[in-house]
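**Student:** Pasted the sequence and its predicted model underneath.
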Amino acid sequence: MNIIPADRLNTFSEYYFSTKLKEVAEMNAAGKNVISLGIGSPDLPPSEETVIALNESASKSDTHGYQPHVGIPELRKAFTDWYARWYGVKLDSAKEVQPLIGSKEGILHISLAFLNPGDGVLVPNPGYPTYTSVSKLVGATIQSYNLDENNDWQPDFEALEKMDLSKTKLMWVNYPNMPTGANGSLELFRKLVDFGKKHNIVIAHDNPYSLILNESPISILQIEGAKDICVELNSMSKSHNMPGWRIGMVASNPQFIQWILKVLSNIESGILKPMQLATVAALNNSDEWHKKNNIELYASRRQYAENIMTQLGCTFDKSQVGMFLWGRIPDHYKNSEELADKILYDANVFLTPGFIFGDKGDRYIRISLCCNEEMLREALQRIKKIQS
């Protein structure tokens, strides 16, 4: 037998966390007790109301069948009410919002809806690796654009204008930014909307971190005319402690939503109704729940992460938002992987090396705040011990 995989598998590697967490699991099996400060998976449960809604609906006999691909009306309305509440954005629940089985899957749906093989797609460097891997899966041409610390990790629009954009169809942006923690602004979003309209490029804004350690969450859809050229992804994973639930959404104009739905309906079979109804409950979490879980909790943990960064000799911007801390490594390390591996093997603490987000991240590391304070304190002590 001479079976070979599709050529597209040669264009990218297995997801970094998929491979590295296998190694961490092997270390744990050997008794190493690794503290993982790597991935952004909230470690606390959703609100009590969310779990109750799930249990009550799941106990009924008529809630387990296939559901409409567009989602139940209650969920679509809850998403639109949520956007009005937090961002001041008015959406038509019937035409301008589409529930997703996670916003990561939405990246694929959007790419399939807008990109033909050979079309250009602008991808940030550093940036979420899935933007690149999915673009390669659909046969698009990657056009990397650099984000620089000296420019507040924003796109350099002068440099973008000098690029050949004749075949560019889509641009990925992400603010609050992952991995850098840089916050967005309405001024930046206006520039992005204007850029997209000028060059007929769809601006895809990935917005799952806007409620984390952020007193003033914003959406690109707040900009006048943004719906004409923008799609915005959002997610329940981070801000509602629901990463494993795989619930997200995309908002845009009715035509864009219809194109995305056309792709989605041929790939997925709808979201379990009890999960949709539970999501409705989650979207109605109280202001008190939000303040405790998305602001106060992460602010407390952030202090420990900053102490770890300082202990490692890293520098960082205290104005970062989101559930990570991004820091520049000392000059004496060859790269981020060298530092991350040293801490993993010598201190049994897993940090994320910045190189996985692109070569512009190679002098940085990232610490996740999805770990309780006791473990963060222990991680700090282990790092101090190997440096003494």
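**Tutor:** Ah, there it is. The structure presented is a predicted model; accordingly, all values stated were derived computationally and were not measured.
**Student:** tell me the SS of the residue nearest to Lys273 when sequence neighbours are not counted?
**Tutor:** The spatially closest residue to Lys273, leaving aside those adjacent along the chain, is Thr63, at 4.4 Å (CB to CB, 6 or more residues apart in numbering). The way it works is simple: take the backbone N, C-alpha and C, and place the C-beta from them, glycine included. Three-state assignment for Thr63 (DSSP: H, G, I helix; E, B strand; the rest coil): coil.
**Student:** Surely Thr63 and Glu56 touch.
**Tutor:** No - the pair Thr63 / Glu56 is not scored as a contact, 9.6 Å apart, by CB atoms under 8 Å.
**Student:** domains of the protein?
**Tutor:** Under the assignment automatic domain parsing, the domains of the chain span 7-45+288-387, 63-283.
**Student:** Now do the contacts for Asn174.
**Tutor:** Contact criterion CB atoms under 8 Å, 6 or more residues apart in numbering gives 124, 127-128, 205-207 as the residues in contact with Asn174.
**Student:** Kindly reformat these as JSON lines containing pLDDT, secondary structure and distance to Ile308.
**Tutor:** Below are the contacts of Asn174 laid out as JSON lines (pLDDT from 0 to 100; DSSP: H, G, I helix; E, B strand; the rest coil; distance: CB to CB, whole Å):
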{"residue": "Pro124", "pLDDT": "98", "secondary structure": "strand", "distance to Ile308": "26"}
{"residue": "Gly127", "pLDDT": "97", "secondary structure": "coil", "distance to Ile308": "24"}
{"residue": "Tyr128", "pLDDT": "96", "secondary structure": "coil", "distance to Ile308": "23"}
{"residue": "His205", "pLDDT": "98", "secondary structure": "strand", "distance to Ile308": "31"}
{"residue": "Asp206", "pLDDT": "98", "secondary structure": "strand", "distance to Ile308": "27"}
{"residue": "Asn207", "pLDDT": "98", "secondary structure": "coil", "distance to Ile308": "27"}
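**Student:** and which of those residues is nearest Ile267?
**Tutor:** Proximity of these to Ile267, judged by CB to CB, is greatest for Asp206, which lies at 19.2 Å.
**Student:** Might one say that that closest one is in contact with Ser103?
**Tutor:** Yes - when contacts are counted by CB under 8 Å, Asp206 is listed as touching Ser103 (6.8 Å).
**Student:** So for Leu137, what's the pLDDT?
**Tutor:** The per-residue pLDDT reported for Leu137 equals 94.
**Student:** circling back: taking the domains of the chain together, which one is wrapped up most tightly?
**Tutor:** Neighbour counts (mean count of other CB atoms under 10 Å) averaged over each of the domains of the chain peak at domain 63-283, with a mean of 20.
**Student:** mind listing the strands for the stretch 101-250 of the chain?
**Tutor:** Using DSSP state E, counting those that start in this stretch, the strands of the stretch 101-250 of the chain run over 120-125, 141-146, 168-173, 202-206, 230-235, 248-251.
**Student:** Output the third one in PDB with nothing but the alpha carbons.
**Tutor:** Output for strand 168-173, consisting of C-alpha atoms alone and laid out as PDB, is shown next (Å, rounded to 0.1, in the frame of the first residue of the first chain):
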ATOM      1  CA  THR A 168      -6.300  40.300  -1.200                       C
ATOM      2  CA  LYS A 169      -9.900  39.300  -0.100                       C
ATOM      3  CA  LEU A 170      -9.700  39.000   3.700                       C
ATOM      4  CA  MET A 171      -7.800  40.600   6.700                       C
ATOM      5  CA  TRP A 172      -7.700  39.000  10.100                       C
ATOM      6  CA  VAL A 173      -7.500  41.400  13.100                       C
END
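**Student:** what residues do Asp206 and Ser103 have in common as contacts?
**Tutor:** Counting by CB under 8 Å, 6+ apart, the common neighbours of Asp206 and Ser103 are Leu233.
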